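[1] sequence first, predicted coordinates after that:
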Amino acid sequence: MDMPEENPFQDTLRFERRAPECTVVIFGANGDLTKRKLVPALYRLAYERRLSSGFAVLGISRTGLSDDAFREKMRDSVQRYLEDAPFDDGVWSAFAQGLFYLSGDVSDGELYRRLAARLEAIDESRHTGGNALFYLSTQPSQYASAAAGLGAAGLSRGSGWRRLVVEKPFGHDLASARELSDQLHQHFGESEVYRIDHYLGKETVQNILAFRFGNGIFEPLWNRRYVNHVQITAAESIGVEGRGAYYQEAGSLRDMIQNHLLQVMATVAMEPSATFRPTSVRDERSKLLRSIRILKPEEVLENAVAGQYGPARIGGQDVPGFRQEAGVDPEAQTDTFAAVTFFVDNWRWAGVPFYLRSGKRLPKRVTEIAIQFNEAPLAIFNGGGSEIVPNLLILRIQPEEGISLKFVSKRPGAGMKLRPVSMDFNYGSSFGERSPSAYETLLLDAIVGDATLYTRQDMVEASWAAVEPILHVWRETRFDFPNYAGGSWGPAAADAMLARRGHVWRKP
Ligand code: BG6
């Protein structure tokens, strides 16, 4: 693996976040991600005046479209999917002049010759400095041929910089992740490959680093002496929403835990980084992921619980079970819920359980990290109707982004009666500003050349290594699915997993 680029002069760009000139080439320009996330995020960057005048987007997909038709389509998408931000006709017109389209098949070598000519023409008219960011938003099975096509046409090198952004999944297990990486590395160096994990781009996930390392009082408590256990929950109330065929093969462990939640866990648990440079931060994240204890096959079923939702009546409506969703095998053994107990084998965290869970069709959409501290060493207030609970720090990732610290307090009145109270910080009311979407942050980072929030291959491999024993054992297990009703907090076995250590899941 080559060393990531580390140019100290980039710091100005990194902290001020202004994009240098370039063309963003989107493979899969007709897909959902392009219209829902990528183009709205780029438009929003234009609105914020963060893009250079030498900026262009070239969309590629099989459908035949003119530049103008592509612009019209994108205009509709931006108006439809731009969350909590205004649409401005003037900004759009200027932005749309830099939108171009090319039709072609990713696996066809001829596409890349036309792409080369198109990039040159765009460079001449828009002065993009020969810089290009290739964004793979296609089926994962096409990643390798796109990289190979770019390489063979000489497009992975150019007069400016070249970078490749790849969407998850990065393989479906450790071996396929390595294979994909080898295929990409034949044409792009590791420092040029930007693997997106959109959770790392969320403001509240970035704020974990600010909270831990911008303050002096929390870090001394952030270890096995004071922390009893950590719960990381990513719950969704929706089902698989038309993605049944993909999801059936993936399942919750692959779809959410292997990537998003392990990255969040790494951010919560990593050692302080010596600097805020990409290599330093990523090294710490990677070290943490590599310290996760790998479960032995016989430990898997006690420490990893699979669930699948059944039919239910929610809010007065009948909703199908997973096996009744379109494109799903009626006998599917897919996990739509997964809960795992991980341990980190290092001095800071030895013996502290990290409980991770994620699921579809749970009671609500909420992502949070709950850090439960040890109880006070001596219980002197236990008599007389006090309700004493251990201190709890909750980092609310979404929605209602914020941080709460729970502690006990004396109730007003005679006697010493205690009950839990909460000290709250809310993003909305404290800053009163709109937060950029994860894709705005991550796209700008990639254009600027800041890989801090991107996943490196060693992290991808470490997180596959952590879930692989679970995948193996689950593949050999015949689950009695469905085992939770839609709209509930998952299977009873997930509660039993925590109960074995005397713990209880929070109901966020
Ligand atoms: C994606 C998963 O990576 O993340 C989806 O493939 C999931 O299944 C989504 O719904 C959740 O993202 P967010 O940002 O809505 O929490």
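    Good, I have the coordinates. Residues are numbered from 1 along each chain as shown.
[2] give me phi/psi at whichever residue of the stretch 201-350 of the chain sits closest to the ligand?
    Residue of the stretch 201-350 of the chain nearest the ligand, by CB to the nearest ligand atom: residue 255 (4.7 Å). In this view, the C-beta of every residue, glycine as well, is placed from N, C-alpha and C. Backbone torsions of residue 255, given as degrees, to the nearest 10, read phi -70, psi -30.
[3] not counting residues beside it along the chain, what's closest to it?
    Excluding its sequence neighbours, the residue lying closest to residue 255 (CB to CB, 6 or more residues apart in numbering) is residue 247, at 6.7 Å.
[4] look at whatever residue of the stretch 301-450 of the chain ends up closest to the ligand and report its pLDDT.
    In the stretch 301-450 of the chain, the residue that lies nearest the ligand is residue 367 (5.9 Å; CB to the nearest ligand atom). pLDDT, residue 367: 98.
[5] tell me which helix or strand it sits in.
    strand 366-373 (DSSP states H and E).
[6] re the thing from before, can you tell me, leaving aside adjacent residues, what's nearest to the residue of the stretch 301-450 of the chain closest to the ligand?
    residue 397 (4.0 Å).
[7] identify the residues contacting the one you found.
    199, 202, 204-205, 234, 264, 367-369 (CB atoms under 8 Å, 6 or more residues apart in numbering).
[8] looks to me like it is in a strand.
    Yes - Residue 397: assigned to a strand according to DSSP: H, G, I helix; E, B strand; the rest coil.
[9] and it, how close does it get to residue 288?
    Distance check for residue 397 against residue 288: by CB to CB, to the nearest Å, it reads 18 Å.
[10] is residue 433 part of a helix or strand, or is it coil?
    Applying three-state DSSP: residue 433 is coil.
[11] and for residue 447?
    helix.
[12] number of residues surrounding it?
    28 (other CB atoms under 10 Å).
[13] and if you look at residue 186?
    11.
[14] please name the nearest non-neighbouring residue to it.
    residue 151 (6.4 Å).
[15] excluding its backbone neighbours, what's nearest residue 312?
    In space, residue 312 is closest to residue 486, 3.4 Å off (CB to CB, 6+ apart).
[16] from the ligand, how far off is the one you found?
    15 Å (CB to the nearest ligand atom, to the nearest Å).
[17] my guess is that residue contacts residue 324. True?
    No - using CB atoms under 8 Å, residue 486 is not in contact with residue 324, being 10.6 Å away.
[18] what residues are shared contacts of these two?
    residue 311.
[19] more crowded one of the two?
    Taking neighbours as other CB under 10 Å, residue 486 and residue 324 compare with residue 486 leading, 23 against 14.
[20] mind listing what the more buried one touches?
    Counting by CB under 8 Å, 6+ apart, residue 486 has contacts 239, 309-312, 314, 319, 321, 361.
[21] which of those residues are buried?
    239, 309-310, 312, 319, 321, 361 (16 or more other CB atoms under 10 Å).
[22] Throw the residues you listed into a markdown table and include distance to residue 388 and secondary structure, thanks.
    Converted to a markdown table, the buried ones among the contacts of residue 486 look like this (distance: CB to CB, whole Å; DSSP: H, G, I helix; E, B strand; the rest coil):
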| residue | distance to residue 388 | secondary structure |
| --- | --- | --- |
| 239 | 39 | coil |
| 309 | 36 | strand |
| 310 | 38 | strand |
| 312 | 36 | strand |
| 319 | 40 | strand |
| 321 | 41 | coil |
| 361 | 35 | coil |
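[23] can you list those in CSV and add distance to the ligand?
    Putting those into CSV (distance: CB to the nearest ligand atom, whole Å) gives the following:
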residue, distance to the ligand
239, 10
309, 14
310, 19
312, 19
319, 16
321, 17
361, 11
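[24] taking the mean pLDDT, what do you get for stretch 441-456?
    96.
[25] same check, this time on stretch 218-236
    Computed over stretch 218-236, the average pLDDT equals 97.
[26] ok, now stretch 127-139?
    Mean predicted lDDT for stretch 127-139 stands at 96.
[27] contacts for the helix or strand containing residue 474?
    Assigned by DSSP H and E, residue 474 belongs to helix 457-476. Outside of helix 457-476, the residues within contact range by CB under 8 Å, 6+ apart are 1, 170-171, 173-174, 177-178, 181, 190, 193, 195, 253-254, 257-259, 262-263, 266, 282, 285-286, 289-290, 292, 294-297, 300-301, 304, 306, 333, 335, 340, 342.
[28] quick one: strands adjacent to the next helix or strand after it?
    Toward the C-terminal end, the helix or strand that comes next after helix 457-476 (DSSP H and E) is strand 484-485. With DSSP bridges as the test, strand 484-485 is paired with strand 309-310 (parallel).
[29] after the partner strand, heading C-terminal, what element do we hit next?
    Next element after strand 309-310 (DSSP H and E): strand 312-314.
[30] how far out from the middle of the chain is that following strand?
    Offset of strand 312-314 from its chain centre (CA atoms, centre = their mean, to the nearest Å): 29 Å.
[31] please renumber so the chain begins at 47
    Sure, I'll start numbering at 47, so the last one becomes strand 358-360.
[32] show me where pLDDT drops low in the protein?
    Applying pLDDT under 70 to the chain flags residues 47-62.
[33] and it, which residues reach the ligand?
    Proximity of the chain to the ligand is confined to 282, 301, 413 under the rule CB under 6 Å from any ligand atom.
[34] ok, so of those, who is nearest residue 153?
    If you rank these by distance to residue 153 using CB to CB, residue 301 comes first, at 25.7 Å.
[35] now do the contacts for the closest one.
    So residue 301 contacts 215, 293, 404 (CB under 8 Å, 6+ apart).
[36] one step back: who are the packing partners of the helix or strand the residue nearest to residue 301 falls within?
    Per DSSP H and E, residue 293 falls inside helix 290-298. Using 3 or more CB pairs under 8 Å, 6 or more residues apart in numbering; DSSP states H and E as the contact test, the elements touching helix 290-298 are strand 350-353, strand 383-388.
[37] contacts for that helix next, please.
    Counting by CB under 8 Å, 6+ apart, residues outside helix 290-298 touching it are 215, 218, 286, 301, 352-353, 368, 371-375, 378, 380-384, 404-406.
[38] tell me which helix or strand comes right after that helix.
    helix 308-315.
[39] quick one: that following helix to chain centroid distance?
    That offset, for helix 308-315, works out to 11 Å (CA atoms, centre = their mean).
[40] angle of that helix against strand 412-419?
    Per axes from the mean of the first three to the mean of the last three CA atoms, to 10 degrees, the angle that helix 308-315 makes with strand 412-419 is 30 degrees.
[41] against which helices or strands is helix 308-315 packed?
    So helix 308-315, by 3+ CB pairs under 8 Å, 6+ apart, packs with helix 249-259, strand 273-281, helix 324-336, strand 400-405, strand 412-419, helix 503-522.
[42] what's near enough to touch the closest residue to residue 421 other than its chain neighbours?
    Excluding the flanking residues, the one nearest residue 421 by CB to CB, 6+ apart is residue 436, at 4.9 Å. Residues near residue 436 by CB under 8 Å, 6+ apart: 274, 418-421.
[43] ok, 6 Å please
    Contact partners of residue 436, counting by CB atoms under 6 Å, 6 or more residues apart in numbering, are 418-419, 421.
[44] among the residues you listed, which ones are buried?
    418-419.
[45] any chance of the contacts of residue 436 in CSV, with distance to residue 206 too?
    Listed next are these as CSV, based on distance: CB to CB, whole Å:
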residue, distance to residue 206
418, 50
419, 50
421, 58
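[46] ok now whichever strand or helix holds residue 85, how far from the chain's centre?
    Assessed by DSSP H and E, residue 85 sits inside helix 85-93. The chain centroid and the centroid of helix 85-93 are separated by 20 Å under CA atoms, centre = their mean.
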